[in-house]
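> sequence isn't available, so here's the structure alone:
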């Protein structure tokens with residue numbers, strides 16, 4: 001199977017790229033969507049977060065209040081580590097399971113993982129098998145402007161969020177193909193088409209195996 005690891009910082013336009021690749025015939029496995037599913041009421045991840053952070057992270061309709069969680073963990077390294085221990089092992093397991101189910105699909109799989117760089121193992125290897133890594137790259141000022149204009153961030157908040165993520169250089173270090181999404185909007189479709197041609201020529205990789213005992217207990221933490 002061909003698995004393209006897709007990553008990029010907040011405000012990079014990664015979702016636009018993944019949508020365009022799906023339109024060309026790829027299948028998307030989205031780590032953020034998996035995480036949201038696992039954080040629904042009644043799921044062990046939801047229960048674990050409430051137990052750790054209190055009922056203040058439950059919104060009025062009984063669902064998870066994600067901004068409340070973000071306010072707790074942002075700037076609190078211990079709380080962030082605890083959140084990772086609750087969320088990431090289950091997300092990792094679920095992503096691997098979904099990839100295994102798609103092994104015989106004959107489709108290009110887009111594995112959209114925002115923390116692909118941050119989630120590398122101690123030896124620097126990626127947590128998931130990939131045929132190649134596609135990075136959507138955007139200058140910091142451009143990403144900040146998008147977050148302020150389209151997602152309601154304050155500029156200081158946007159810059160603080162970006163500063164907590166992997167650097168552009170971190171992502172370049174693992175990239176096999178880079179889409180520069182810092183230019184004119186009309187330039188993006190051309191680059192996406194080139195990325196699709198590149199993806200079609202990538203080698204197959206084996207579906208992920210069941211994790212070794214204890215492996216998926218590792219929390220994902222940023223490593224610079």
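Cool, got the structure. Since this is a predicted model, take the numbers as computed values, not measurements.
> any idea how many residues pack against residue 26?
21 (other CB atoms under 10 Å). Every C-beta, even on glycine, is put in place using the N, C-alpha and C of the backbone.
> which pLDDT value does the model give it?
Reading off the confidence values, residue 26 has pLDDT 98.
> residue contacts, it?
4, 107, 108, 109, 110, 199 (CB atoms under 8 Å, 6 or more residues apart in numbering).
> how about residue 80?
Residue 80 neighbours (CB under 8 Å, 6+ apart): 73, 74.
> what about 6 Å?
residue 73 (CB atoms under 6 Å, 6 or more residues apart in numbering).
> would you say it is within a helix?
Yes - using DSSP: H, G, I helix; E, B strand; the rest coil, the secondary structure at residue 80 is a helix.
> checking the residue of the chain positioned farthest from its centre next. Helix, strand or coil?
In the chain, counting by CA atoms, centre = their mean, residue 60 sits farthest out from the average C-alpha position, at 27.6 Å. Recorded secondary structure, residue 60: coil (three-state DSSP).
> quick revisit: which of the contacts of residue 26 fall in strands?
4, 108, 109, 110 (DSSP state E).
> next up, the contacts around residue 205.
Contacts of residue 205 (CB under 6 Å, 6+ apart): 3, 129, 131.
> count the neighbours of residue 78 for me.
Other residues close to residue 78 by other CB under 10 Å number 8.
> let me know the pLDDT of it.
We have a pLDDT of 92 for residue 78.
> need the contacts of residue 26 in a markdown table (columns: pLDDT, neighbour count and distance to residue 47).
Formatted as a markdown table, those follow (pLDDT from 0 to 100; neighbours: other CB atoms under 10 Å; distance: CB to CB, whole Å):
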| residue | pLDDT | neighbour count | distance to residue 47 |
| --- | --- | --- | --- |
| 4 | 97 | 24 | 34 |
| 107 | 96 | 13 | 34 |
| 108 | 97 | 20 | 36 |
| 109 | 97 | 24 | 30 |
| 110 | 97 | 22 | 30 |
| 199 | 98 | 23 | 38 |
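> quick check, nearest of those residues to residue 173?
residue 4 (17.3 Å; CB to CB).
> correct me, but residue 179 touches residue 135?
No - using CB atoms under 6 Å as the test, residue 179 is too far from residue 135 to be in contact (7.2 Å).
> okay, buried residues for stretch 127-146 please.
127-138, 140, 143-144, 146 (16 or more other CB atoms under 10 Å).
> low pLDDT regions in the chain?
Low-confidence segments of the chain, defined by pLDDT under 70: 210-224.
> please enumerate the helices of it.
Residue ranges of the helices in the chain, as given by DSSP state H, are 14-23, 31-38, 44-53, 66-73, 77-101, 140-151, 155-164, 168-174, 188-200.
> mind listing what residue 136 touches?
Residue 136 touches 8, 12, 13, 14, 17, 179, 181, counting by CB under 6 Å, 6+ apart.
> again, only this time at 10 Å
Contact partners of residue 136, counting by CB atoms under 10 Å, 6 or more residues apart in numbering, are 6-9, 12-18, 171, 175, 177-182, 188, 191-192, 195.
> which one of the contacts of residue 26 is nearest to residue 156?
residue 110 (32.6 Å).
> gap between the nearest residue to residue 153 once chain neighbours are set aside and residue 106?
Spatial nearest neighbour of residue 153, chain neighbours left out: residue 147 (4.1 Å); criterion: CB to CB, 6 or more residues apart in numbering. Separation of residue 147 from residue 106 (CB to CB, to the nearest Å): 37 Å.
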